[in-house]
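A.B. asks: how does the following fold in three dimensions:
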Amino acid sequence: MTPARPAPAVGTRRLRRPGRVALAAAVVVPLLAGCGAGRTAQTDKPYAPADGTQASQGDIRVLNAVVVSPGEGAPSVLSTSIANNASQADEVTAVTVGGTAATIGGEASVPAKGVLRFGGGYGTPGASVATAQATVEGLTAKPGDITSLTVTLARGGAITFAVPVVPASGFWASAVPSPSAS
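C.D. replies: Reported below is the predicted structural model:
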């Protein structure tokens, strides 16, 4: 009769297989650590978590730009913030939406190290914020379309980029002035 082997002490069985543990670690660690890493990591790209789009040129940044429209051909408004990181103020001299010149209302000066808000209402804590309006008559783009926006500044030059046209409903309902009674 063959003598029975004594049962291994608790925990010693795991020590006999260090190769398996090393192999598991070699497979799992790169899988967990490699998500989005490298030169093309998603966190390395600009991202605007908002409805609008953004563009920058020199010290000027146009942020969260959208055109709010109640419908095709109706008066539409621009909603955006223009940030100036320069030590001198700048002036918005023209706004063009989809090839149509907008009417600028209010003081269109972008303060030095400050913000000009088109569409009113929002502030940036700790920043100098000015407000203005830009209204477009006869815009052919309708809600859901993408159109071009050109913001021209006296010092910063022209910045052209694509912006979405959003409906004047929900969050944007109060952005477009209600029609006046005649």
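
A.B. asks: how about the helices of this protein, start to end?
C.D. replies: Using DSSP state H, the helices of the chain run over 12-15, 18-33.

A.B. asks: these: lowest mean pLDDT?
C.D. replies: Considering these one by one, the lowest average pLDDT is found for helix 12-15, at a mean of 53.

A.B. asks: so how far is stretch 136-152 from its chain's centroid?
C.D. replies: On the basis of Cα atoms, centre = their mean, to the nearest Å, stretch 136-152 sits 18 Å off its chain's mean C-alpha point.

A.B. asks: with stretch 146-159 instead?
C.D. replies: Chain-centre distance of stretch 146-159: 17 Å, with Cα atoms, centre = their mean.

A.B. asks: if we go by neighbour counts, what in it is buried?
C.D. replies: If you call a residue buried by 16 or more other Cβ atoms under 10 Å, then stretch 146-159 has these buried ones: 147, 149-151, 153, 156, 159. C-beta here means a position set from N, CA and C on the backbone, and glycine is covered the same way.

A.B. asks: and the contacts of it?
C.D. replies: 55-60, 62, 65, 67, 78, 80, 82, 84, 86, 88, 90-99, 110, 139, 141, 160-165 (Cβ atoms under 8 Å, 6 or more residues apart in numbering).

A.B. asks: partners of the closest residue to residue 82 other than its chain neighbours in the sheet?
C.D. replies: In space, not counting the residues next to it along the chain, residue 82 is nearest to residue 116; the distance is 4.6 Å by Cβ to Cβ, 6 or more residues apart in numbering. Taking DSSP bridges as the rule, residue 116 bridges to residue 82, residue 130.

A.B. asks: quick check: residue 116 touching residue 106?
C.D. replies: No - applying Cβ atoms under 8 Å as the test, residue 116 and residue 106 come out as separate, 9.3 Å apart.
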